[in-house]
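Visitor: mind folding the following:
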Amino acid sequence: MTTPNLGALYLEHREKLIRVAAAVLRQIGLHDGAQDVVQQVFVELQQKPPMGHVNSWEALLVQRTKQRAIDHGRKQHADQRGPSFDDDFDLHDPTAEEAIERADTAIDIAARRGELMDAMSQLNDNERYVLTRQEYDEASRTELADELGVTPPRISQIRKSALEKLRALMEKE
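Guide: Numbering: from 1, shown residues only. Predicted structure coming up:
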């Protein structure tokens, strides 16, 4: 299998991947590390390209970026965790309980976002494009219709279909 030009892939998908990483990291207060996460994904791809045929490089990059962002968050959390759980650390201290609860919530949210990104990768290109442009870029139906060469009502149909698929995929998780 031949690996595509990673530089071209990076240039093509960089902004989207940074948004994916930032969305995951923002949930745990680490959104500044998004660029580093994306660069790490490409370094890892260069060192160890995927085995077998890749159906969608975009989906692979999104999945790896999401996972690397979660790993980055866990590493940062472990590095900044502070005291170990020994006799001097009271788990029943309200501030410790709140911190643990906030960390658990942030990790749950990041994981849920990861599940959403996995589900997004299973949509077709038009569905993914319409949802991404409407949700992130706040593009109108008319703009999208012009870009895709369809009518605004067709954009609504694509969006509805995509949301139904996402809902079904997320319920499986």
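
Visitor: C-alpha only now, for contacts and for neighbours.
Guide: Noted.

Visitor: can you give me the distance of residue 136 to residue 73?
Guide: Distance, residue 136 to residue 73, by CA to CA, to the nearest Å: 23 Å.

Visitor: neighbour-wise, which of the two wins?
Guide: In this view residue 136 and residue 73 are compared by other CA atoms under 10 Å, and residue 73 has more residues nearby, 24 against 10.

Visitor: so for that one, what pLDDT did the model give?
Guide: pLDDT recorded at residue 73 is 75.

Visitor: quick check: next helix or strand after the one helix or strand in the chain whose mean pLDDT sits lowest?
Guide: Least confident element among the helices and strands of the chain, by mean pLDDT, DSSP states H and E: helix 94-120 (a mean of 70). Per DSSP states H and E, the first helix or strand lying C-terminal to helix 94-120 is helix 125-135.

Visitor: which strands or helices does that next one pack on?
Guide: helix 141-148, helix 152-172 (3 or more CA pairs under 8 Å, 6 or more residues apart in numbering; DSSP states H and E).

Visitor: which positions in it come out as buried?
Guide: Using 16 or more other CA atoms under 10 Å as the test for burial, helix 125-135 gives 127, 128, 129, 130, 131, 133, 134.
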